[in-house]
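In: Based on what follows, work out the 3D shape:
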Amino acid sequence: MFCTNCGRKIDESARYCPGCQSPVSSGPEMDYSDTAPIQLPMEYSADSSPAKNHSNRLSMIICAVAAALAVTVCTVLALLSCEGEDEKTDRPLHTDTHYADDSSGDDLWDDTTDDVIMDAPSQSDPETADEEDPRENYVQNAAVQYQIEPYTYYAVRNTPGGDGLVMRSESDSASENLGVLSEGSAVVAQEPYYPENNGYAYVYSPDTDTFFWVMAQYLVPMSKQEIDEYESNLYGDHEQEEVYDLGMVCYYTPSHAGVNVREYPDSDSTKLAILPEGTGVDIIAEYDPADNGYIYIGFVNEHTGDYCFGWALAEYIELYRE
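Out: Residues are numbered from 1 along each chain as shown. Sure, this is the predicted structure:
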């Protein structure tokens, strides 16, 4: 038989329904064969339980995130591929570029071509192909040619074609062209050679009473005989003058730097040398107030060993006493 309350089948001997615990009716047995089965509410279905619904939503979220990540990765890879193609397209066909070293022979030669009055020989010319390349000679002998001593006579020698050197206002081939110094000209170096001078030496020309820059490569020290002959022609009878008295540079020059010797009794004239304190000199002529405070002296150039003449401030020259 069946429970009249919940429809559950129960034993005939049972007093209570095992499902709803309702007392079993003692009335006649009912036939439920033609009745529709009792339907449980949808919320009790196994497929529609809350736990099952939560699991489905989580799976959908995971799938959506995975799809979004896949789209993002594909987009990034496509962009990177496009950029790589652009770089290949923009790249120059020839990249084998060689830059000249600042200390290379070719670079130094390029700086001198404008300051040597010549045209560089063509390397493809069959008549000059076997000749010594002057640029190689320049690099190999640079250390020797750059030994410039201040207040020392140098002659312009070995310029290509014997055409001389260009005089520059600065140690740069792009500076002002002051003219041409002919082959064999004598100059007096004013300072040692410094690497930052770009191959130039700062010199003074007694013939023109001017200062300028020329390429140090073509300056050769003059011999004592050459200097004597040059000064004899330049200064006339100065070497024939008799010594008036003996003197020396005093020990109280400004900053103990010695005294300047100039070509004329004027602070604007050419400086020929600097005599240290204690240097012995010959006083050639008696002091004359008309000489602007200068006195005419003879001295030995400590750099060349030559005997020279010039003017020094009389207040720093005292008579020599043994």
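
In: mind checking which helix or strand L69 is in?
Out: Taking DSSP states H and E as the definition, one finds L69 inside helix 50-90.

In: got it, and N158?
Out: Using DSSP H and E, N158 sits within no helix or strand.

In: separation between the closest residue to it other than its chain neighbours and T159?
Out: In this structure, N158 finds its nearest non-sequential neighbour in Y218, 5.9 Å apart by C-beta to C-beta, 6 or more residues apart in numbering. The C-beta positions use only the backbone N, C-alpha and C, and glycine is treated the same way. Distance, Y218 to T159, by C-beta to C-beta, to the nearest Å: 5 Å.

In: The residue nearest to N158 touches G161, doesn't it?
Out: No - between Y218 and G161 there is no contact under C-beta atoms under 8 Å: 11.9 Å.

In: Show me which of the two is the more surrounded one.
Out: Neighbours per residue (other C-beta atoms under 10 Å) separate Y218 from G161, with Y218 holding more: 23 against 10.

In: May I have the phi/psi pair for the more buried one?
Out: phi -110, psi 20 (degrees, to the nearest 10).

In: got a pLDDT number for it?
Out: We have a pLDDT of 92 for Y218.

In: can you check the one 3 residues further on too?
Out: Among the per-residue scores, P221 holds a pLDDT of 93.

In: can you check A273 too?
Out: Model confidence at A273 (pLDDT) stands at 91.

In: Could I get the full set of strands for the stretch 51-200 of the chain?
Out: Counting by DSSP state E, counting those that start in this stretch, the stretch 51-200 of the chain has strands at residues 153-156, 165-168, 177-181, 186-189, 200-205.

In: Export those strands to TSV and append columns for distance to L80.
Out: Converted to TSV, the strands of the stretch 51-200 of the chain look like this (distance: least, C-beta to C-beta, whole Å):
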stretch	distance to L80
strand 153-156	66
strand 165-168	56
strand 177-181	58
strand 186-189	64
strand 200-205	54
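
In: Mind jotting down where the strands sit in the stretch 201-322 of the chain?
Out: Secondary structure of the stretch 201-322 of the chain by DSSP E, counting those that start in this stretch: the strands cover 210-215, 219-221, 245-249, 259-262, 271-275, 280-283, 294-300, 307-313, 317-319.

In: closest one to Y230 among the ones you listed?
Out: Closest to Y230 of those, according to C-beta to C-beta: strand 307-313, at 11.5 Å.

In: Show residues contacting the closest one.
Out: Under the contact criterion C-beta atoms under 8 Å, 6 or more residues apart in numbering, strand 307-313 has outside partners 231, 235, 238-239, 241, 249, 259-266, 269, 272-273, 275, 281, 284, 291, 293-301.

In: Buried only: go through those for me.
Out: For these, a burial check counting by 16 or more other C-beta atoms under 10 Å picks out 231, 249, 259-263, 265, 272-273, 275, 281, 284, 294-301.

In: one step back: of all the strands of the stretch 51-200 of the chain, which one is nearest C63?
Out: Between those, strand 200-205 lies closest to C63; by C-beta to C-beta that is 79.9 Å.

In: and that closest one with strand 177-181, angle?
Out: Using axes from the mean of the first three to the mean of the last three C-alpha atoms, to 10 degrees, the direction of strand 200-205 lies 70 degrees away from that of strand 177-181.

In: For strand 200-205, which outside residues touch it?
Out: By C-beta under 8 Å, 6+ apart, strand 200-205 touches 148, 154, 168, 171-172, 181, 185-191, 193, 210-216, 219, 270.
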